[in-house]
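> Compute the structure for the input listed below.
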Amino acid sequence: EVGVDCGRVGLITCDKDSGECPGFFQNGASLNDDYISGGVCLVLSLFLLFVCLMALVNVLQRGLAGMSTRIIYKATNVN
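Residues are numbered from 1 along each chain as shown. Predicted coordinates for the structure are as follows:
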């Protein structure tokens with residue numbers, strides 16, 4: 001039976017009707033293969049997160065360039 005291993009059915013299996021498997025799914029992959037693919041996905045996601053955060057900071061700095069100094073001055077002015 002498709003998707004059954006040692007009497008247990010995994011969370012992600014090939015479709016029984018069409019026989020198609022989801023993207024990046026490898027039937028019969030070992031635990032080491034799962035660790036490697038998880039590590040690659042983790043590194044790629046952290047890199048993408050870092051790039052997006054740097055872009056967000058850059059956009060906000062350009063958008064609030066003149067206003068931020070005035071806001072900080074008003075917020076710290078206790079007189």
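> Run a quick neighbour tally on Thr76.
Thr76 has 7 neighbours, counted by other C-beta atoms under 10 Å. The C-beta positions use only the backbone N, C-alpha and C, and glycine is treated the same way.
> so who does it touch?
With contact set as C-beta atoms under 8 Å, 6 or more residues apart in numbering, Thr76 has no partners.
> ok, it to Thr69 distance?
From Thr76 over to Thr69 the distance is 11 Å, taken as C-beta to C-beta, to the nearest Å.
> and whatever helix or strand Cys41 lives in, how far from the chain's centre?
Using DSSP states H and E, the element containing Cys41 is helix 31-63. Remark: helix 31-63 is offset 6 Å from the chain centroid, using C-alpha atoms, centre = their mean, to the nearest Å.
> What residues sit buried inside the next helix or strand after that helix?
Moving toward the C-terminus from helix 31-63, the next helix or strand (DSSP H and E) is helix 65-76. Buried residues in helix 65-76, counting neighbours by 16 or more other C-beta atoms under 10 Å, are absent.
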